[in-house]
Each structure stands twice: as C-alpha cells, then as structure tokens.
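Enquirer: Take this sequence and fold it.
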Amino acid sequence: MTMGDLGVDTGTRSSVITARAAASFEPVGRSVATARSFVRDTLQGWGYADIVDDAVVLTSELVTNAVVHAGTTADVLCLRSEDGVRIEVGDRYPEREIPLQPNRLSAPDREGGRGLQLCAALATRWGVEYSPAHKQVWFQLELPQRQVGTRTAGPALATELLPLADTQIHVAVLQVSRQGTISAWNEDAEALFGYSAEEVTGKPLTDFAAWPHTPGTSTGIADALQLSRWEGSYGIRGVDGRVMPVYASHLRVRDADGTPSTVCLLVRDDERAVLQTPLRGQSQSDGSAPLSEPHPSDPFDAFIGSPAPDDLDGLLQRTVERARDMLDGDAAFLLLATDDETELEVRASTGLPSARQRFARVPVEAGTGRYGSARMPAVHEDLTAVPGAAPLLNGTGMHSVVTVPLKVEGRLTGSLGVAAEAPSRYSNEEALRLQFAADRIALAVESARLGELERLRRGSLSFLVEASDLLAGTLDRDQTLALMAQMTVPTLATWCAVYTIADQSSEPYLSFVLHEDEDRIDGLKALLSRIDPPDPVPTPGARVWAAPAEAAHQAALRTSMRSLGLGETTNLSGGIGTTLSTASAVGGETVVLPLVARNRVIGMLTLGKPTDEHFRQEILELAEDLSRRAALALDNARLYSERMAISQSLQRSLLPPGLPQVPGVEVEVIYRAAGEGNEVGGDFYDLFPIKDGAYGFAIGDVCGTGPEAAAVTGLARHALRLLAREGFGGPAVLERLNAAILDEGARSRFLTLLYGELWPQEDGSAVLKVVCAGHPLPLRLRQDGTVEPAAEPQPLLGVMDDLELYEQTVTLDPGDVLLCVTDGVTERREGTRMLGDDGLTDVLTTCTGLTAGAVAGRVMRAVERFAADAPSDDMAILAMRLPELHID
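Expert: Here you go, the predicted structure:
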C-alpha cells in the first residue's frame with residue numbers, strides 16, 4: 001500500500017503564501033487547548049471563518065498525538081494562500097507508520113491513529129513528511145468557491161418561509177471596555193431595553209445581563225467578553241425589570257493605542273437570523289446549486305470527533321446547537337434526568353425563550369403510550385393536534401418536534417429534542433439520526449454530569465461547614481435571621497424571606513426579607529406583607545409556593561392599567577406600590593422549606609427566583625440541608641433569649657427598685673454584672689428606711705451564680721428589711737439571717753455581707769452603726785484626704801451555727817465619704833497583679849471634694865482600666881457622702 005493509495009499528497013507547496021503564523025507547544029496536556037485557540041484565532045483573523053472548525057478539529061488531534069502520546073514538543077505552522085490554508089504539525093518522534101487502512105475506520109474510542117483518519121475525512125489534501133529527527137503531518141483546507149464579492153449566500157425562498165420579524169428591526173450596538181463597563185450605547189439599544197446612554201455608560205454589562213450561570217460551572221459573561229469572537233443567546237434586563245431574550249454577536253477589537261474592547265451586536269432572540277452566522281455547506285447562489293461541496297461527514301459526527309468542552313454546560317450547549325443544525329431546526333433542547341428518573345430538568349436550549357432555558361422540570365411520563373414517555377424516541381408532526389405532548393414547547397410557536405432518550409447501560413439519563421416552527425418537518429429518518437447522535441454523546445454527558453455533581457457536592461459541603469460555623473457563632477435571634485438570609489442570597493436564590501412562628505397558636509410572621517438588589521427589598525417586603533403566609537407544613541423538602549408570583553402579576557397588571565387610565569387611580573396598597581420591577585423580581589419559581597427544630601415548626605424559609613427562572617434540584621437539596629441547620633440555630637437563639645430574659649428579670653427582682661432620698665446624704669450606686677447577661681449574679685445591694693431618721697444599707701456577695709445564688713440573695717435582701725424594721729440591731733439581724741441560710745441545707749451558699757444603719761444628724765454629721773461579716777471593709781475618706789477602714793472584719797455568714805457578731809459605731813463628719821464595694825472591685829486582676837485594698841485606697845485618696853456620684857464613677861473607671869480583659873466577677877459600688885457645711 002502506498003501513500004497515493006490512501007489519498008496522501010506528497011507534493012510540495014504550489015500556492016502563493018500570503019501570510020504565515022507559527023507557534024510551539026510544550027508536551028503538557030493543556031497545550032492541546034492552547035493550540036486550538038492559536039489556530040482558531042489565526043484563521044478568524046485571516047477571515048477564514050468557514051474552515052475554522054475543521055482546522056481546529058484536525059489540529060487538536062494532531063497536537064494531541066504529539067504532546068500526549070509521543071510526548072514531544074509540537075510545532076504548528078499556519079500558511080495562508082488565496083484559495084485556502086495549509087497547517088503543518090510537527091513533532092520529534094519520527095514513527096514511520098500510517099495507521100490507516102483503506103475503506104475502514106478504527107474504533108472511535110481508540111487512542112491512536114484518529115488524527116490521520118480525520119485528515120482523510122475532512123482535508124482537501126494531506127500528507128506526512130519524515131526526517132531522521134522530525135515528523136510533520138500537514139493538511140490543506142480550501143475555501144468554498146463563490147461568486148466574486150460573495151462570502152455567504154442562501155437560496156431564494158417563498159415569502160411564507162422567511163424568518164418572522166417586527167416591522168422595524170432594532171440592532172443594539174454596545175461597546176464594552178476592557179474593565180467590563182459599557183462605553184457606547186446606540187439608539188436601538190435604548191429602544192429595545194429602555195435605558196438611555198447616560199443611564200448605562202460606565203456601568204458593568206453584568207448589571208444588565210441575565211447570563212445562565214451555576215456557581216462552579218460554565219463560562220460567565222465576563223469570560224465571554226474576553227474571547228476574540230462569541231455568538232449565542234442570553235438575556236438583558238430592561239428598565240421595567242423584565243428579562244428580554246437576545247441573540248448576540250461579540251467581536252473583540254483594539255484601538256490605535258492597543259487598548260482592547262468588545263463590540264456587542266444584539267437583537268431579539270426571535271430575530272436571531274439577522275446576526276446568526278450561516279452554517280458551512282449551506283450557502284447557495286440560487287435555490288438549487290450549492291456554492292460548495294457538501295461536507296463529507298455529519299456535523300454531529302464532527303463534533304463527536306473533536307475534543308469535548310471541559311465543563312458540562314459547555315458540552316450540553318454545544319450538543320443542542322449541533323443537534324439543531326444537524327436537523328435544520330429552529331430550536332433544540334437537552335434535559336437531564338433526576339436520580340429517581342421521575343423528572344427531567346432543562347439544562348441547555350437554543351432558539352427557545354429564556355423561560356425554557358434553565359432548570360425547568362417536566363415529568364418523564366407525560367402521558368400514556370410510547371409517545372408520552374421520554375424513554376422512547378418520539379416524532380410529533382403537529383403539536384397543535386396533541387396538546388400537552390411537549391410541555392416545554394407550549395407557547396413557543398413550535399409545531400413539529402423530534403425527541404430521543406439519552407441512555408447509559410439501559411438507564412435513562414436525559415432527553416434530546418429538536419423542534420421546528422413548520423409542521424410535518426420531521427420523520428422517523430430524522431429520529432434515527434438524532435438517536436444515533438444521542439447514543440454517541442450519552443456516555444460523555446453522563447460522565448460530565450457526574451463530575452459536575454461531585455464538584456457541587458464538594459462545594460455544598462464547604463458551604464454547609466461555613467454556614468454551620470457562622471450560625472454557631474451567635475445566639476442573637478435577629479442576627480441569626482440575617483445570617484440565614486445572607487447565606488442564601490445570592491448563592492442559592494435571588495431573594496429570601498424568613499417567617500417565624502412564636503408558638504403553636506401563633507400565625508407565621510414575616511421577620512426578615514432580603515433581595516440581591518437592595519432597592520427592591522422594600523417593594524418585596526410590602527408585597528409579601530399583603531399576602532397570606534405559607535402554611536407551616538412540617539413535611540421535609542421544598543414545596544412550590546405560587547402566591548407571590550400571582551400577587552405580583554395582579555398588582556403589576558393593576559399598575560399598568562392605572563398608568564393607561566383604564567383602572568382606578570387610588571393607591572390600592574396604601575403604602576409602597578408594587579412596581580413592575582418588583583413583580584419581575586418574584587415572578588419566577590418560589591419554594592418554601594419548613595424550619596423544624598425539636599419536633600416543632602418554628603418558621604419557614606422562602607426562596608425565590610426572578611421571572612422565568614427555576615431552581616435546580618441540587619440547589620434545593622442544599623437549601624434543605626441549610627434549613628435544618630438554620631432551624632436549630634434559630635431555636636437555640638430563641639431559647640437563649642428566653643433564658644436571658646428570665647435571668648435579667650430575676651436579677652432585677654434581686655435589686656431594689658429604687659433608692660430613697662436620705663436627708664443630708666448623697667448616695668450613688670453602680671452595679672455591673674459579669675458575663676453575657678444569661679446568669680444571675682451573686683452581688684447585691686440595698687438602701688431602705690427603717691424608721692423615722694434611720695436608714696439601713698447593705699452590700700453583699702453570695703458565693704457562686706445562677707438559681708442557687710439567686711435564692712440566697714433574695715432571702716438575704718428581704719430578710720434584712722424585715723428584721724431591721726422589726727427593731728433588731730445589726731448583730732441580731734445578721735445572726736438570724738445566718739440561721740436562715742443554714743436552714744437551706746445543701747442549697748445554702750455562704751455570704752459576705754456589710755450591713756449598717758445610718759442616722760443623719762442635725763449638725764450635718766451622721767452616726768454609722770456597721771457590722772462587716774467577711775466582706776471587704778468599708779473605707780472612710782476624710783476631708784483632708786486620709787483614708788481609713790470604717791469597720792473591723794468579722795466571720796462570714798452561712799458557715800458556722802453560732803456566730804457572735806458585734807456592732808461598731810462611727811461618726812461621719814460633713815465632707816466625709818463612705819465607700820462600700822464587693823470583692824469584684826478589690827480582686828480585679830491583670831496577670832499576677834491585683835488591685836487589692838491598697839489599690840482601692842490609692843484611688844479613693846484622689847477623690848477628695850468629689851460628689852458621691854463622681855467618687856463612684858472614678859472608682860469604676862480605675863477598676864476597668866486596671867486590666868484589658870472584661871471583668872470576670874460582678875461588681876457593686878455604694879458611695880455615701882455627707883455634704884460640707886457652708887457658713888454664710
């Protein structure tokens with residue numbers, strides 16, 4: 001067998017070379033993609049778009065053989081001539097073998113030999129050249145023969161077969177800077193979308209584009225703007241908030257200074273024929289004779305033979321586009337089956353409105369018989385004759401459709417369909433061709449789907465771990481509600497509302513609303529406030545809630561009618577009106593997930609999408625996991641709030657409701673409880689009248705905190721008042737209190753207590769009778785600045801049965817200050833240092849001439865500044881001062 005027998009051309013270059021481009025690629029896997037981009041960009045720059053796809057397919061296979069299989073550097077040379085292009089791929093592995101047999105192709109999944117097979121199938125001429133250290137495979141692709149000045153042409157068609165368009169077609173022209181902001185906006189763009197050039201100039205295109213996107217997958221619009229050329233469908237959100245499906249053609253250009261930008265041409269999606277690039281091999285000068293020879297292989301086969309896109313969304317989108325082109329359809333769609341094979345989820349489409357593009361779900365068994373099941377191929381010549389046969393195509397203007405299943409090992413994994421506006425377009429022959437293509441791509445799609453699912457699951461685990469950490473980091477109810485909403489928007493949904501239920505007899509209450517666009521939060525909250533909340537059903541899982549979309553639609557309809565003078569002019573809402581943008585914001589799918597904690601529904605988490613958008617199943621499953629964690633966090637916050645409220649109420653009950661006015665004596669009290677407020681402290685104070693001219697005061701500290709300490713505190717404060725008003729002196733009062741504490745048995749706590757009686761005198765002095773039972777000693781500050789203890793230490797209470805306490809009497813002169821504190825003040829620590837009695841004495845020495853309030857404030861500031869950490873013990877300060885006498 002000779003090369004000539006195989007169609008291999010061994011001749012030399014004969015055409016005049018008008019341009020050349022060369023590059024070398026290292027023997028690493030990513031070099032294949034880089035080589036594809038190099039060839040594509042080179043040929044598009046030369047204006048050879050008609051042969052780009054074939055050139056890229058062949059280059060990809062040959063470079064793969066060089067860098068992956070041979071493991072050598074690949075040298076790629078592109079040569080332009082007047083009638084076509086020649087591409088040479090060289091490597092450093094001169095194997096003298098042509099793995100090709102006449103009239104027989106090897107298996108499509110075979111690793112080697114496919115590059116030369118494709119050369120034989122696609123190239124006009126090709127050949128292999130050898131040297132001792134080099135092997136070079138080259139192929140030549142010729143341009144289609146056309147009339148002078150003609151790039152592409154189509155046949156003359158009857159009027160009824162021409163594409164349908166509006167009376168005046170608007171072609172929006174946008175220019176997007178290298179930073180992604182809009183720099184130019186023509187009048188047609190304003191007519192299509194409603195924004196003036198001044199409103200959009202300088203703003204990112206992403207603020208207006210509704211780009212189908214799933215976190216972690218697919219190519220975003222920012223990536224598409226960086227490509228040299230891009231063509232396809234997406235949506236633009238108009239001034240009314242609605243998303244308009246558009247067909248776009250992007251071209252990357254540079255100005256005289258070398259600064260790149262992207263020119264975007266956009267038309268309505270149903271007018272895509274204005275911009276859509278004609279398919280190769282379909283250009284004709286009249287209705288009969290083609291201008292070029294038909295392509296030797298099926299377009300879908302060429303796609304299967306080329307390296308598939310790396311991501312699932314790219315693979316699916318390429319599949320539907322090639323399927324549509326293969327059957328000359330107006331639209332195509334691909335749906336993937338759920339794990340239980342009961343529903344199909346739209347994952348890619350072309351030629352359909354945006355409402356049909358992403359994540360809409362249809363049942364696998366849509367009806368009876370083989371044509372009602374997605375498990376079998378089906379051809380519908382006229383959908384108007386069988387309503388409901390293809391729910392996805394309702395209202396799209398499509399009349400004929402062919403659908404085939406995607407199966408892997410007998411299991412349904414998806415469905416591929418092509419539709420046309422004309423009836424009776426497809427027959428069993430087209431169904432067989434589409435089924436053959438589906439069988440070729442099914443395994444690749446399933447493999448890519450499983451890979452995407454694994455990435456999503458890993459991302460979901462990371463998301464849930466972070467969410468759990470954030471929810472566990474707070475016990476504040478309002479902050480928990482805010483976290484729930486912020487974690488879902490915009491990661492899982494466009495907007496979120498949280499309803500809470502106080503108890504079993506309460507109605508759900510709208511507690512928190514969040515939208516990714518802050519300007520729409522008020523309108524969304526007003527809308528949700530006017531409709532009945534969802535029913536608190538404990539059944540796990542997400543359920544669809546149609547009320548918001550219906551209410552928004554009705555409100556928007558009334559608003560539109562009023563603006564046209566066709567309805568009442570009064571504001572029906574009585575508050576923030578529901579605008580068209582608000583209606584669009586909630587017009588998509590809305591789901592409700594119950595918040596169940598400790599076998600009780602404590603609320604609902606509501607997630608929503610804008611008009612025509614749907615949730616994908618994996619997102620709903622992730623939201624369900626999040627709702628379980630959020631429900632427990634919200635219930636923990638509720639329990640903590642209730643406990644804190646109880647603790648604070650109990651703490652207030654253990655302190656006097658107010659302090660009496662003592663004639664001739666200034667009194668100031670400062671109380672600081674340690675901790676977060678959820679524990680009842682053991683420190684207390686009191687000041688109360690005993691009888692005319694006599695006042696009792698006390699400051700104490702019960703060992704420990706919590707309910708047991710609170711019980712002793714309450715016992716001590718009320719017993720002091722009762723016994724003192726019965727006429728008992730200080731020692732007798734404390735001895736009886738000691739017996740009462742010991743009677744509590746195991747619940748008892750020892751108590752340090754300073755109790756005294758204050759007798760103001762007419763000369764401005766005061767007689768002080770005091771008993772200090774194990775408590776920090778009271779300090780007396782004289783007018784001359786000297787500080788001295790006002791009592792002696794005695795045993796504390798709650799430890800010994802027989803106490804013999806005594807009372808000490810001190811006379812306070814005008815200008816003197818009596819300072820009483822708990823041990824939280826004197827035992828304030830910073831490392832090994834402690835404030836102590838000496839430190840407190842030093843602080844008090846500086847308070848000469850200050851009022852009682854100023855003395856207490858200075859002492860508290862000194863204690864707080866002594867250490868950087870927050871106080872670990874309760875603190876109480878009681879300061880009493882006798883004003884100085886002023887003699888006129």
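
Enquirer: Please give me every residue in contact with Leu412.
Expert: Leu412 makes contacts with 337, 341, 364, 374-375, 405-406, as judged by Cβ atoms under 8 Å, 6 or more residues apart in numbering. In this view, the C-beta of every residue, glycine as well, is placed from N, C-alpha and C.

Enquirer: out of the residues you listed, who's nearest Gly473?
Expert: Proximity of the contacts of Leu412 to Gly473 (Cβ to Cβ) peaks at Ala337, which lies at 39.7 Å.

Enquirer: Pull up the gap between that closest one and Leu450, please.
Expert: Noted for Ala337: a distance of 13 Å to Leu450, by Cβ to Cβ, to the nearest Å.

Enquirer: One more: Asp837?
Expert: 74 Å.

Enquirer: what about these two, which has more around it?
Expert: Asp837 (15 against 12; other Cβ atoms under 10 Å).

Enquirer: who does the host helix or strand of that one touch, helix- and strand-wise?
Expert: Element membership for Asp837 (DSSP states H and E) is helix 836-845. Contact here means 3 or more Cβ pairs under 8 Å, 6 or more residues apart in numbering; DSSP states H and E; on that basis helix 836-845 packs against strand 779-781, strand 787-789, strand 817-821, helix 823-826, helix 852-866.

Enquirer: Pick the most buried one from these.
Expert: Mean neighbour count (mean count of other Cβ atoms under 10 Å) peaks for strand 817-821 among these, with a mean of 27.

Enquirer: Now tell me what touches it from outside.
Expert: Residues beyond strand 817-821 that count as contacts (Cβ under 8 Å, 6+ apart) turn out to be 697, 699, 754, 768, 776, 778-781, 790, 812, 840, 844, 847, 850, 852, 855, 859, 875-881.

Enquirer: Kindly provide the whole-number mean pLDDT of it.
Expert: Averaging pLDDT along strand 817-821 yields 94.

Enquirer: Surely Gly730 and Glu757 touch.
Expert: Yes: the pair Gly730 / Glu757 is scored as a contact, 6.4 Å apart, by Cβ atoms under 8 Å.

Enquirer: shared neighbours of the two, which are they?
Expert: 769-770.

Enquirer: Which one of these two is surrounded by more residues?
Expert: Under the neighbour definition other Cβ under 10 Å, Gly730 and Glu757 were set side by side, and Gly730 has more, 24 against 21.

Enquirer: could you list every residue that touches that one?
Expert: Per Cβ under 8 Å, 6+ apart, neighbours of Gly730: 755-757, 769-771, 805, 807.

Enquirer: Now do it, the pLDDT please.
Expert: On the pLDDT scale, Gly730 gets 89.

Enquirer: likewise Phe359?
Expert: Reported pLDDT for Phe359: 66.

Enquirer: ditto for Ile887
Expert: 57.

Enquirer: burial of the residue found closest to Asp83 once you drop the neighbours it is linked to in the chain, as a residue count?
Expert: Excluding the flanking residues, the one nearest Asp83 by Cβ to Cβ, 6 or more residues apart in numbering is Glu142, at 5.6 Å. By other Cβ under 10 Å, the residues close to Glu142 number 17.

Enquirer: Equivalent analysis for Pro660, please.
Expert: So Pro660, with other Cβ under 10 Å, has 11 neighbours.

Enquirer: looking at the chain, which helix or strand is least sure?
Expert: In the chain, no helix or strand scores lower on mean pLDDT, DSSP states H and E than helix 299-305, which sits at a mean of 45.

Enquirer: where does Glu82 fall, phi/psi-wise?
Expert: Phi and psi for Glu82, reported as degrees, to the nearest 10, are phi -70, psi -30.

Enquirer: Can you give me the distance of it to Arg30?
Expert: The value you get for Glu82 to Arg30, if Cβ to Cβ is used, is 34 Å.

Enquirer: likewise Glu666?
Expert: In terms of Cβ to Cβ, Glu666 sits 82 Å off from Arg30.

Enquirer: How far off centre is the helix ranked longest in the chain?
Expert: Taking DSSP state H as the criterion, the chain has its longest helix at helix 428-472. Computed by Cα atoms, centre = their mean, to the nearest Å, the separation of helix 428-472 from the middle of its chain amounts to 20 Å.

Enquirer: If we go by neighbour counts, what in the helix holding Asp837 is buried?
Expert: 839-841, 843-844 (16 or more other Cβ atoms under 10 Å).

Enquirer: Stretch 243-251 now?
Expert: 243-250.

Enquirer: can you confirm Ala732 is in a helix?
Expert: Yes: looking at Ala732 with DSSP: H, G, I helix; E, B strand; the rest coil, it is inside a helix.

Enquirer: ok, now which ones touch the residue lying closest to it once chain neighbours are set aside?
Expert: Closest residue in space to Ala732, ignoring its immediate chain neighbours: Leu723 at 7.3 Å, by Cβ to Cβ, 6+ apart. Leu723 makes contact with 732-733, 736-737 under the criterion Cβ under 8 Å, 6+ apart.

Enquirer: May I have the predicted confidence score for Leu723?
Expert: pLDDT, Leu723: 91.

Enquirer: hang on, it in a strand?
Expert: No: read with three-state DSSP, Leu723 is helix and lies in no strand.

Enquirer: got the CA coordinates for stretch 631-640 in PDB?
Expert: What follows is stretch 631-640, C-alpha atoms only, in PDB (Å, rounded to 0.1, in the frame of the first residue of the first chain):
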ATOM      1  CA  ALA A 631     -33.800  26.000  62.200                       C
ATOM      2  CA  LEU A 632     -31.700  24.600  65.100                       C
ATOM      3  CA  ALA A 633     -29.700  27.700  65.300                       C
ATOM      4  CA  LEU A 634     -32.800  29.900  65.300                       C
ATOM      5  CA  ASP A 635     -34.400  27.800  68.100                       C
ATOM      6  CA  ASN A 636     -31.200  27.900  70.100                       C
ATOM      7  CA  ALA A 637     -31.300  31.700  69.800                       C
ATOM      8  CA  ARG A 638     -34.900  31.700  70.900                       C
ATOM      9  CA  LEU A 639     -34.100  29.500  74.000                       C
ATOM     10  CA  TYR A 640     -31.100  31.700  74.800                       C
END
